[in-house]
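# Pasting the sequence and the predicted model now:
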Amino acid sequence: MQYPLSHTIYATIGKISVAIIIGIVILLFLTLILGYILVKKQKLILPSVLLFSIDTFYLQIKSLARRFGIAEKTVDQIGIEVRNGLNKESFSSIDARDRILVVPQCLRHEKCPARLDSMEGVTCKGCGMCDIKELKKEAERLGYRFYIVPGGTFVERIIKRVRPRAALGVACHRDLYAGMHRISRAECAVQGVPLIRDGCIHTEVDIKELLRKMRAGIEDTVEEIEKGCSPDEIPKTG
Ligand code: SF4
């Protein structure tokens, strides 16, 4: 028996659709498995596939992660670590004068006397009540332009105005993943360090990790790091 042409076309479209759906489901599971290996074992496998998958199916992967009892933050962490891995070399090769360091205003002490400027963000007055005083000092010693910002939109304005070739950012996992995604479209080699304690106030960043990334390509060796500001010199946030 011969089927009409329209029947054959619908059957083919149906088969292709099922194949695409199966392909996407396999990709989502593969992303979670590779992401788990990355987060737990620090092994970056198929980074371009991982990044494509997370950028394209971000919400679906988060929903799948929830079903398996995996924290949504882990999906953001995977996205951050993949981008860090892919951009590491290009970031390190860029002169510090073409880099910016952006930290969130929630890292400040709650009694911070500095005020927000609509162009420059918060300008630290160096009172020493939080880690930012020393971070700024070290960033500027290395050659970075340093910004304390109230949010992601502010970062985009800075990127458009300053046009850095590389950017290092600190934020909570979700904002950092989203910010790194947007900034990487501006052809800027981006690196990120997530907050280890997030929230609106009293947030905290891994200072050693941040200093290590700041110095990438500038003072990579232990001897050179020791010449600069040691992580231990930076007081803890009050
Ligand atoms: S050191 Fe911290 S609290 Fe003091 S002015 Fe700078 S950002 Fe504000």
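Great, that's in hand.
# Please tell me how far residue 215 sits from residue 143.
11 Å (CB to CB, to the nearest Å). (C-beta placed from N, C-alpha, C; glycine too.)
# nope, residue 58 is what I meant
Taking CB to CB, one finds residue 58 at 34 Å from residue 143.
# ditto for residue 162
14 Å.
# so residue 43 sits right up against residue 36, yeah?
No. No contact is recorded between residue 43 and residue 36 when judged using CB atoms under 8 Å, the distance being 10.2 Å.
# what's next to stretch 140-148, contact-wise?
Contacts of stretch 140-148 from elsewhere in the structure, counted by CB atoms under 8 Å, 6 or more residues apart in numbering, are 95-97, 99-105, 107-108, 114, 120-124, 132, 135-136, 139, 155, 158, 162, 164, 168, 214-215, 218-219, 228-229.
# If we use 6 Å, what do you get?
Contacts of stretch 140-148 from elsewhere in the structure, counted by CB atoms under 6 Å, 6 or more residues apart in numbering, are 96-97, 99-103, 105, 121-122, 136, 139, 158, 218.
# Also stretch 95-110?
Contacts with stretch 95-110, where a contact means CB under 6 Å, 6+ apart, come from 122, 129-130, 132, 139, 142-150, 155, 164-171, 200-201, 203, 218, 238.
# who's more crowded, residue 43 and residue 36?
Higher neighbour count among residue 43 and residue 36: residue 36, with 15 against 9, using other CB atoms under 10 Å.
# Validate this expectation: the more buried one resides in a helix.
Yes. The assignment for residue 36 by DSSP: H, G, I helix; E, B strand; the rest coil puts it in a helix.
# Quick check, pLDDT for it.
Reported pLDDT at residue 36 in the predicted model: 87.
# Kindly report the same for residue 224.
Residue 224 is assigned 49 on the pLDDT scale.
# And for residue 201?
Confidence per residue is given as pLDDT, and for residue 201 that number is 82.
# Is it within a helix or a strand, and which one?
Using DSSP states H and E, residue 201 sits within no helix or strand.
# The closest residue to it other than its chain neighbours: what secondary structure?
Counting by CB to CB, 6 or more residues apart in numbering, residue 201 lies nearest to residue 110, which is 5.2 Å off, once chain neighbours are set aside. Reducing the assignment to helix, strand or coil with three-state DSSP, the entry for residue 110 is coil.
# Could you report the neighbour count for residue 110?
Residue 110: 12 surrounding residues under other CB under 10 Å.
# now do residue 153
Counted with other CB under 10 Å, residues neighbouring residue 153 total 10.
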